[in-house]
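Peer 1: here is the input, now give the coordinates:
(one chain, ligands or ions: 1)
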Amino acid sequence: MKGYVLQEKGRADWQEVPVPEIGPFDALVRPTAVATCTTDVHLIDALSLPGALGKVIGHEAVGVVHENGDQVTDFQVGDRVLLPAGLADWRHPRAQRGEAKYHQSRSPYFSDDPRNGGWFSELVACYDADSNLAHIPDGVTDVQAVAVDDMAATGFTGVERMEIQFGEVVVIMGVGPVGLMGAAGAALRGAGRIIAVGSRPATMELAKQYGATDLIDYKAGDVHDQIMALTGGVQVDSVLVASGGDASDQISTAMRLTKLGGHVSVVSGFFDDETVTIPLEVWNYGVMEKFLTAAQANQGRDWMERLLLLIANGKFDTAPMVTHVLHGWDALSDSLELMRSRDQNVVKPVVVID
Ligand SMILES: [Zn+2]
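Peer 2: You can find the predicted model right below:
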């Protein structure tokens with residue numbers, strides 16, 4: 001079968017790969033839709049995770065169960081399933097304790113297990129299917145579901161770390177797909193005012209659809225000053241950092257915007273920076289409380305099935321941010337190119353495997 005393999009820094013391509021062997025608790029899944037992500041582009045162009053070299057890449061996919069190990073109980077061959085962005089060994093006690101590192105312990109780029117490739121291949125092995133796969137409810141399309149495992153999962157995890165209370169004022173920095181999901185999550189959590197910071201007209205319009213009440217263009221002036229002008233100089237309750245750019249700038253701005261006792265939740269991957277510098281003044285020189293969290297998307301079946309339930313019942317919809325639907329495995333490299341292009345109108349491309 002074919003797999004899309006990271007050949008060397010700067011180059012990934014299709015090649016013949018063996019069909020993965022599965023253990024008794026695992027499932028073999030045939031992807032029916034995949035999504036490309038800025039993380040894939042970083043992985044190829046910057047070799048951000050050297051462990052991925054020589055492996056099939058890809059971490060956003062839905063599919064149907066093709067074959068089951070004999071101990072899989074909750075999934076049948078033919079079931080529509082969402083694959084997770086990170087594969088965990090949920091039997092590991094540290095994973096059960098909620099340690100995020102262990103939520104990736106079976107992920108392709110962190111595991112020595114040769115069965116573990118990414119999702120961009122004709123068949124993929126899912127370790128411990130009953131714990132890691134999620135059922136896709138009837139009425140939720142592949143395109144809707146494929147945007148859940150990373151985009152919605154990351155945005156909503158970040159929002160949970162913000163601990164939003166009804167009517168609070170929150171800022172969403174960055175309105176790429178994760179930031180858009182952050183706005184949707186903040187709206188669902190009952191934020192009273194959602195101030196979205198971005199620039200591209202297409203995504204700003206989407207941010208409004210997802211619940212943003214105010215839009216700030218970071219190109220129009222200092223972000224902190226613009227938001228303080230909106231709030232009458234009152235700091236906000238929490239900030240989601242889902243933006244790119246310089247880590248120190250972004251996180252310092254978020255900390256400065258946030259009230260004492262408030263939460264800054266970072267879901268951006270700042271791959272180009274070695275250190276972060278935050279002025280002590282924003283913490284009142286270390287003698288006042290403010291929470292800063294770097295959150296990685298929750299993983300696992302329970303979490304993903306809860307997010308899918310929200311979509312199934314119309315609480316939010318991932319579909320509007322899917323701006324491009326391509327068809328067939330041959331379109332995968334075009335989809336990656338769309339992510340790379342930084343085209344004004346590209347938010348999230350999805351490849352449907354017809
Ligand atoms: Zn992703």
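
Peer 1: list the contacts of whichever residue of the stretch 151-300 of the chain sits closest to the ion.
Peer 2: Closest approach of the stretch 151-300 of the chain to the ion (CB to the ion) occurs at Met151, with a separation of 6.9 Å. C-betas here are computed from N, CA, C, even on glycine. Under the criterion of CB atoms under 8 Å, 6 or more residues apart in numbering, the neighbours of Met151 are Ala35, Glu60, Pro177, Val178, Leu180, Met181, Thr318, Met321, Lys348.

Peer 1: what's the burial count for whatever residue of the stretch 101-250 of the chain ends up closest to the ion?
Peer 2: Sorted by distance to the ion under CB to the ion, the residues of the stretch 101-250 of the chain start with Asp150, at 3.5 Å. When neighbours are counted by other CB atoms under 10 Å, Asp150 registers 22.

Peer 1: just the pLDDT for it.
Peer 2: According to the model's per-residue confidence, Asp150 sits at a pLDDT of 95.

Peer 1: how close does it sit to Ala187?
Peer 2: Per CB to CB, to the nearest Å, Asp150 is found 20 Å from Ala187.

Peer 1: same thing with Ala212?
Peer 2: Between Ala212 and Ala187 the distance is 8 Å, computed by CB to CB.

Peer 1: try Lys219
Peer 2: In this structure, Lys219 and Ala187 are 25 Å apart, going by CB to CB.

Peer 1: and for Tyr285?
Peer 2: The spacing between Tyr285 and Ala187, counted by CB to CB, is 35 Å.

Peer 1: what does this protein put close to the ion?
Peer 2: Taking CB under 5 Å from the ion, the part of the chain that reaches the ion is made up of Cys37, Thr39, Asp150.

Peer 1: how about the chain: which residue is closest to the ion?
Peer 2: When you check the chain against the ion by CB to the ion, the closest residue turns out to be Cys37, at 2.9 Å.

Peer 1: what about that residue, how many neighbours?
Peer 2: When neighbours are defined as other CB under 10 Å, Cys37 has 23 of them.

Peer 1: which of Lys219 and Ala187 has more neighbours?
Peer 2: Neighbours per residue, other CB under 10 Å: of Lys219 and Ala187, the larger number sits with Ala187, 19 against 8.

Peer 1: wasn't the more buried one part of a strand?
Peer 2: No: membership of Ala187 in a strand is not supported by DSSP: H, G, I helix; E, B strand; the rest coil, which gives helix.
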